[in-house]
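Participant: Sequence and computational prediction follow.
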Amino acid sequence: MAEPTAEQIRDNQIYRQMGLTDSEYERVVARLGRLPNYVETGLFGVLWSEHCSYKSSRRYLKQFPTSGPQVLQGPGENAGVVDIGDGIGIAFKMESHNHPSAIEPYQGAATGVGGILRDIFTMGARPIAFLNSLRFGSLEDAHTRYLFGNVVAGIGGYGNCVGIPTVGGEAVFDDVYRDNPLVNAMCVGVLPADKIVKGTASGVGNPVFVVGSRTGRDGIHGATFASAEDPHEKERSAVQVGDPFLGKLLMEACLELIETGAVVGIQDMGAAGLTSSSAEMASRAGGGIELFLDKVPVRENGMTPYEMMLSESQERMLVVMEKGKEQLAFDILAKWGLQIGEIGRVTDDGMLRLWFHGEQVAEVPVKLLVDDAPVYDRPVAAPQEAPAKHVPLPNADVNLKDALLGLLAHPSIADKRWIYRQYDTTVKAATRVGPGSDAAVVHVPGTDRAVALACDGNGRYVYLNPRKGGAIAVAEAARNIVCTGGTPLAITNCLNFGNPEKPEIMYQFAEATAGMSEACLALNTPVVSGNVSLYNESRGKDIFPTPVIGAVGVVEDERYVTPSSFLQTGSAVILVGPDDDALDGSLFWQQQAGQAAGDAPRFDLDEEVRVQRFVHTLIRKRLVRSAHDVSEGGLAVALAEMCIDGGMGLQVEVAEARDDANHRLGWLFSEAQSRVCLEVRAEDVERVLEEAKALGVPAAVLGVTGGFTLTVRDGRGTWLEVSVSELKDVYRKTLQEAMDRPVSQAG
Amino acid sequence: MKWAVVVFPGSNCDDDAVAAIRRLGDDSVEKVWHLERDLSAYDAIVLPGGFSYGDYLRSGAIARFSPAMQGVQEAALQGKLVIGICNGFQVLTEAGLLPGALLRNDNLQFRCEMVRLTVRNNTSPFTAGYEVGQTLSVPIAHGEGRYFADEQTLLELERNHRIAFEYETNPNGSVRNIAGILNERGNVLGMMPHPERAVANWMGSEDGLQLFASMRRYAKEAIHVG
């Protein structure tokens, strides 16, 4: 079939199928001064897609704080890099693979892991850890079980094979994600702080190589597909297939190649493959690039320039070498048994020029493709009233023990062992704290330091109050780093939202990112990398707005590493942070009401900063045995988790006795923020309380560790008493039992 | 003493093995690329964990044809020490240096967790530092670790004390809870758990260190094997 002519593309509006709107096409024609041919239209279609151009989100992303003395590389490169001292940099980024995972969960998730892995080693960093953040519908649904089971298997399938430990993450289950599961993967790597490699195509005449896998017809239109709604109408064939073995070889080969010092620039071929990698590399250098597409190693005969430029075949990199050093690349790639093709060279005329068998098939200004993509200031409209304003208050007449067990049995709270035992969590023998804690801690080879890593985000809070919810996401991620013994340094994020063409969704986006910015500033955790995933809607229904934060901190001395469960009987347990009994935004209220309810939980940024500073200081004074932040499920769940994993009970005496059932509910299940449970030696209690007072941080003794039960009582009587073994049983078996049930591939 | 850690394409526990051995002292430890045929310079050879050749055909099935495996065969014949960990164990069974095979876990999932092992033999160069019946904490991380052998082979293994380690609680469906076995001469050990990931308290266990220490003592003191 012959490709349509430039005139046919215009007359038959073929550009629409290639991802361009009428006005975008007109913009191309006007700037180009002529009609684009088929290949050129394809280039604009993918690079101007939401996925590649961030055209709806860009103006908001610009507001994020991105700098600070700890930032070695901010947004704009393949990953951000922070300085953890001793000349060591930590590169990290998080990326979404939501749409492919909804259709082909195993490969969608696996290639998400592979893609983020390449973004990290591209920086010259050796990857040391993966984390992931997952959202699914209810596990009552057989199709959700199919998606969930295969996503977990796919993450493990790729990560285990490449030999990087998966050390942490989170998984949340809520009906709103039924048709739009979220799969966000984060990778972290280590590199010498002065040896950051960039994705730059500079030096006129330098040769350009494609290395790794051959280019096939898979994944064509992946980027445009991620930018259109309703994955169920999309073709499964547009999902790429990963090859982790090749990914591992490519990682080793690229790191070896970078080690030679002859690499000018290198970039992963992710979304929009050769198109985005070549155009972006040329754009960063402010120059041009020309490619001879007949030189690209291909998987099958008869591939057209259009197909080669849009292919999303996995495990490929674009590499610019110093001229004259080509042989180094050929030798190293041959050692690892990988393909390499010299396919082009760097130019200085600012053009992306494509040749095929001696014929020029495209010539487009790089600047037009990359920097002059349209930026939309989409309409923003606040909803008439808060979304959950009229939800009736929870019934206070409940059995408190049953309520606690009900929360522990909720898959969002229940033990995630079913997930993470499928991941290799200990390869590299550097995992100090693996999954199941507030944050993971990974030893940095060759130093006495470690990095603390956490993923957090609560879509329900953002839905109820986007600004507060956005700030909470950042605060909680940083708080988890602090609780584990780290100093938060910076964050990456995945902004998972619905359809940006709806003003109320753009309102969520604008508010949530503003809240994130405020928290990043206050907590001194700039944004150094990130990714936006829009159009997470199906059948007209949008997901909860779900910004997911990946936070990185440094543990300057490994003695600061702090567990999140009770270590010893006879310790005092202190609640740091505000006393609050409002159930706004809580999972408890949602379970009762059958929907998200109230406002987002109490949150005050100044209070948050003080609490984090206090806990951070106490840990450095070695006054904390264990620490756990209060999050989903509230104080009762936080304490139960500390008991379960610590294998001991806790006797809580609530200081203020009140005959008020609502107060009891709120005390147990409020998800008010900025709260941390600390286990301290009995003899240190006075000192801890005094220091809290001096810093203006509320702190109160809750009780004493030990015994077989978690018991909460006040002067009037016992609120609840549950044996630790019963807590543990419910907590541990939920996911296993859910996943023992049959699955259904049919959505 | 000179150690070789063989690196196949797709090996990923090679650095961990090197780091574990370095904890013992100043032995020479070299990573040896799988194309190296001659391993005669080394006193002990480690086949590390990972996914050699992606394990796409069958775990270890392709790696066994690597040139380095000729060197491994010769070393084994000469009575030198050879240990295969996880994927290395799979390679050793594929190469016929150890009997039996490693099948897909009975739960059909990859499993990574700390497991308890019972030491069944303490006369081998690998296990002499342990007591028979002693329990060790060592992590597993595999999807194809279900040991299988025919009844005749199992009898033979038991009779000759060639079962080095058993799982206290079977994580993968291995026949007779087998976690690690020795060859007839006792100088080749294959085990699915990862002793190199249990060499420091902060890893959750340091029970694996003794295994490498024991190998070292045998090689250093030139105790005759077999």
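Facilitator: Nice, thanks for sending it over.
Participant: quick one: is stretch B:9-24 near chain A?
Facilitator: Yes. Against chain A, stretch B:9-24 shows contacts by Cβ under 8 Å from any Cβ of the partner chain at B:9-10, B:12-13, B:15-16, B:19-20. C-beta: built from backbone N, CA, C; applies to glycine.
Participant: nearest to chain A, of these?
Facilitator: Nearest to chain A among those: B:Asn12, at 2.4 Å, using Cβ to the nearest Cβ.
Participant: Can you report how many residues neighbour that closest one?
Facilitator: Close neighbours of B:Asn12, defined as other Cβ atoms under 10 Å in any protein chain shown, add up to 25.
Participant: Same check on A:Gly585?
Facilitator: Using other Cβ under 10 Å, A:Gly585 has 32 neighbouring residues.
Participant: Let me see the ranges of the strands in chain B.
Facilitator: For chain B, the strands defined by DSSP state E cover B:2-7, B:28-33, B:44-47, B:81-85, B:101-103, B:111-119, B:135-142, B:146-148, B:163-167, B:178-182, B:188-191.
Participant: Switch those strands over to TSV; also include mean neighbour count and mean pLDDT.
Facilitator: Below are the strands of chain B laid out as TSV (neighbours: other Cβ atoms under 10 Å in any protein chain shown; pLDDT from 0 to 100):
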stretch	mean neighbour count	mean pLDDT
strand B:2-7	24	98
strand B:28-33	16	98
strand B:44-47	28	98
strand B:81-85	28	98
strand B:101-103	20	98
strand B:111-119	20	98
strand B:135-142	23	98
strand B:146-148	22	98
strand B:163-167	23	98
strand B:178-182	28	98
strand B:188-191	29	98
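Participant: Which strands and helices lie in contact with the worst-scoring helix or strand of chain B on mean pLDDT?
Facilitator: When the helices and strands of chain B are scored by mean pLDDT, DSSP states H and E, helix B:209-220 comes last with a mean of 95. Identification of packing neighbours for helix B:209-220 by 3 or more Cβ pairs under 8 Å, 6 or more residues apart in numbering or on different chains; DSSP states H and E yields helix B:14-22, strand B:44-47, strand B:81-85.
Participant: by how many degrees do it and strand B:163-167 diverge?
Facilitator: Relative orientation of helix B:209-220 versus strand B:163-167 (axes from the mean of the first three to the mean of the last three Cα atoms, to 10 degrees): 170 degrees.
Participant: in helix B:209-220, what's buried?
Facilitator: B:209-216, B:218-219 (16 or more other Cβ atoms under 10 Å in any protein chain shown).
Participant: With stretch B:198-205 instead?
Facilitator: Buried-residue list, stretch B:198-205, by 16+ other Cβ under 10 Å: B:198-200, B:203-205.
Participant: try stretch A:561-568
Facilitator: Neighbour-count burial for stretch A:561-568 [16+ other Cβ under 10 Å]: A:561-566.
Participant: Which residues belonging to the host helix or strand of A:Val730 are considered buried?
Facilitator: A:Val730 is part of helix A:724-739, with elements assigned from DSSP states H and E. Residues A:724, A:727-728, A:730-732, A:734-735, A:738-739 are the ones in helix A:724-739 that count as buried (16+ other Cβ under 10 Å).
Participant: Kindly indicate which of those lies nearest chain B.
Facilitator: Distances from chain B to those, taken as Cβ to the nearest Cβ, are shortest for A:Met739 (10.0 Å).
Participant: so that closest one makes contact with A:Asn150?
Facilitator: No. A:Met739 is beyond contact range of A:Asn150, at 11.3 Å (criterion: Cβ atoms under 8 Å).
Participant: circling back to that earlier point, would you turn the helices and strands packed on helix B:209-220 into CSV with distance to A:Thr492?
Facilitator: As requested, the helices and strands packed on helix B:209-220 are exported to CSV (distance: least, Cβ to Cβ, whole Å):
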stretch, distance to A:Thr492
helix B:14-22, 26
strand B:44-47, 36
strand B:81-85, 34
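Participant: Output the strands of chain B as a markdown table; include the columns distance to A:Val176.
Facilitator: Listed next are the strands of chain B as a markdown table, based on distance: least, Cβ to Cβ, whole Å:
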| stretch | distance to A:Val176 |
| --- | --- |
| strand B:2-7 | 47 |
| strand B:28-33 | 49 |
| strand B:44-47 | 48 |
| strand B:81-85 | 45 |
| strand B:101-103 | 41 |
| strand B:111-119 | 31 |
| strand B:135-142 | 34 |
| strand B:146-148 | 40 |
| strand B:163-167 | 42 |
| strand B:178-182 | 44 |
| strand B:188-191 | 46 |
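Participant: Am I right that A:Gly324 is in a strand?
Facilitator: No. If the criterion is DSSP: H, G, I helix; E, B strand; the rest coil, then A:Gly324 is coil and not within a strand.
Participant: downstream neighbour of the lowest-mean-pLDDT helix or strand in chain A in the secondary structure list?
Facilitator: None of the helices or strands of chain A scores lower by mean pLDDT, DSSP H and E than helix A:222-225, at a mean of 56. Later in the chain than helix A:222-225, the nearest helix or strand by DSSP H and E is helix A:244-259.
Participant: Could you list every helix and strand in contact with the helix or strand following that following helix?
Facilitator: Using DSSP H and E, the helix or strand that follows helix A:244-259 in sequence is strand A:263-268. In terms of contacts (3+ Cβ pairs under 8 Å, 6+ apart), strand A:263-268 is packed against helix A:105-121, helix A:244-259, helix A:273-285, strand A:316-321.
Participant: How far away from the center of its chain is strand A:263-268?
Facilitator: Distance of strand A:263-268 from the chain centroid (Cα atoms, centre = their mean, to the nearest Å) equals 24 Å.
Participant: Neighbouring strands - and their directions - for that strand?
Facilitator: strand A:316-321 (antiparallel) (DSSP bridges).
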